[in-house]
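J.: sequence and predicted structure below; questions after.
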Amino acid sequence: MKDSETFEGNFSKMIGAVADVVLQGEDRSPHVMIGPLVCRDKDHWYFVIGGSDRDGFKVDKIAVGDNRQFGEHVRGSIYIELLQRRRVVLHDFDDELEMAKWCERIWPSDQTSQIRAAMESERAMWETQGTA
């Protein structure tokens with residue numbers, strides 16, 4: 001077996017495992033939010049996936065390292081995997097703040113309100129500093 005075949009097999013298993021984690025929980029909401037690929041702290045790429053179950057809102061951060069292209073591949077692969085699952089309404093976002101607002105509307109709670117408020121504060125700071 002070639003190394004590339006081993007990588008692809010392991011990559012597919014990893015993508016399936018991430019989708020399983022995102023979709024686990026009793027009385028899970030059919031809504032799943034997938035955020036944009038973003039960079040923080042110099043070449044630290046990640047995206048978040050939000051959802052809800054009986055215990056309330058949950059968010060999973062998927063860190064993909066310092067390679068943006070690889071991060072886009074991971075995000076796209078998880079997106080496709082989630083689309084293939086039953087009973088999923090997938091919301092795809094290109095803006096973290098917009099995603100936070102949707103999460104707050106669909107799952108109103110102190111947690112989602114705090115996340116949205118933190119995102120708005122961060123965005124206001126960027127605008128003040130001229131880095132938006």
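T.: On my side now, so go ahead.
J.: could you count how many residues lie near Ile49?
T.: Neighbourhood size, Ile49 [other C-beta atoms under 10 Å]: 24. Any C-beta I mention is one placed from the backbone N, CA and C, and that applies to glycine too.
J.: need the contact list for it.
T.: The neighbours of Ile49, taking C-beta atoms under 8 Å, 6 or more residues apart in numbering as the test, are 22, 32-35, 59-60, 62, 78.
J.: can you rerun that using 6 Å?
T.: Counting by C-beta atoms under 6 Å, 6 or more residues apart in numbering, Ile49 touches 22, 34, 60.
J.: before we move on, what about Gly35?
T.: 47-48, 93, 96, 99.
J.: who's in contact with the strand or helix carrying Met99?
T.: Per DSSP states H and E, Met99 falls inside helix 96-106. Applying C-beta under 6 Å, 6+ apart, the contact partners of helix 96-106 are 31, 33, 35, 50, 93, 112-113, 115-116, 119, 123.
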